[in-house]
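1. Got a predicted model here, sequence first, then my questions.
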Amino acid sequence: MNHDALWLRANIIRAIRSFFWDRGFLEVETPLLVPANAPEEYIDPVMAPPWQLQTSPEICMKRLLCRGHENLFQISRCWRSNERGVRHLSEFTMLEWYRADSDYRNLMADCRQLLQHVAAVCLTGSPVYRYKTRRIDPFAPWSTISVQEAFLRFANHSVWDCLQKGLYEEILTETIEPALADFPSPVMLVDYPAELAALSRLKPGQADLAERFELYVGGLELANGFSELNDPQEQRRRFVEANRLRLQEGRSALPLPERFLDELGYMPPSAGIALGIDRLVMLAVGTDSIDQVVAFTPEQL
């Protein structure tokens, strides 16, 4: 990272903190070493026996929601094993925030305001983000597209057919995301099939859809948010299913976050989101390599 990029990264983190402090959010710190993360099919934690490094602070932050805290945010280090590429590091910086008595629509509004705030405060001259050859204006009208609409529009396939045939990830990365790169402003991909609900709740009256969205800027996935599932039995079922799929793929099963499941029934209707700080800095710097926005890459250590 060069001198200017290091300063810009610091200013972005300061701007994010001021954004949430000014809106009455409580900044929290939760443990980085945990007995269990949320089991996910394709995410492997970094083991630190007898426990694990966090893949996300979500489990502890949701437990704080269960204990009566309302609006929370955290900027923290996270680890995911065997992740390395031009957009990925095994150790990275995550912003997460949670709202009690809210849903994913509140998070979408937060995202718009946050990206506009960071651009206005930190990007001197022209307040736009850049990715590869594209300029993305956060102040222009944003687009909101359902996952099904995106698959039909850009790939001429139903998302449910793609899931059934095991083609979802291939078409998403090779067709949908490049199409989203052509939008001149950020895009919110919303209403995921229930099969991809993760920790999100299903839409009332539409049990085949989850109240989940992902934010794309120039075709780069920046954030993943949803209305939170607060049914402990359903959440346990999803964790068990994730472990079944892990075993099917030749991965080891992961321990369940039992204390989180014990407390989950006390969570009010809430919404939470994770945003990659490193990727946001990439968009601010105008680079397509994550190596250019961290002080040291793993290969330099």
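-> Looks like it came in fine.
2. ok, Leu189 - how many residues close by?
-> A count of nearby residues for Leu189, using other CB atoms under 10 Å, gives 23. (C-beta placed from N, C-alpha, C; glycine too.)
3. residue contacts, it?
-> Leu189 makes contact with Ile145, Ser146, Val147, Ala150, Ile176, Leu180, Phe213, Glu214, Leu215, Tyr216, according to CB atoms under 8 Å, 6 or more residues apart in numbering.
4. can you check Val46 too?
-> By CB under 8 Å, 6+ apart, the residues touching Val46 are Gln52, Leu53, Trp79, Arg80, Ser81, Ser90.
5. next one: Pro35
-> Contacts of Pro35 (CB under 8 Å, 6+ apart): Pro50, Trp51, Gln52, Pro255, Pro257.
6. Spatially, what comes nearest to His157 if we skip its sequence neighbours?
-> Among residues not flanking His157 along the chain, Phe151 sits closest, at 5.4 Å (CB to CB, 6 or more residues apart in numbering).
7. which one among the contacts of Leu189 gets closest to Trp7?
-> Minimum distance to Trp7 across the contacts of Leu189 is 25.1 Å, recorded for Leu215 (CB to CB).
8. isn't the closest one right up against Ala223?
-> Yes. Here Leu215 reaches Ala223: they are 4.1 Å apart, a contact under CB atoms under 8 Å.
9. shared neighbours of these two, anything?
-> Joint contacts of Leu215 and Ala223 (CB under 8 Å, 6+ apart) are Cys111, Leu275.
10. From the contacts of Leu189, which land in helices?
-> The helices, defined by DSSP state H, take in Val147, Ala150, Leu180 from the contacts of Leu189.
11. neighbours around the second one, how many?
-> By the measure other CB under 10 Å, the count of residues near Ala150 is 21.
12. List of residues touching stretch 235-243?
-> Under the criterion CB under 8 Å, 6+ apart, residues 38-41, 197-199, 229, 253-254, 256-257, 261, 264 lie in contact with stretch 235-243.
13. got it, and stretch 201-208?
-> Residues from elsewhere that reach stretch 201-208 (CB under 8 Å, 6+ apart): 160, 191, 193-194, 209-211, 226-231.
14. So which bits of the helix or strand encompassing Arg244 are buried?
-> Assigned by DSSP states H and E, Arg244 belongs to helix 232-248. Buried residues in helix 232-248, counted by 16 or more other CB atoms under 10 Å: Pro232, Gln235, Arg238, Phe239, Ala242, Asn243, Arg246.
15. Over to stretch 54-69?
-> Neighbour counts over stretch 54-69 (16+ other CB under 10 Å) mark 54-66 as buried.
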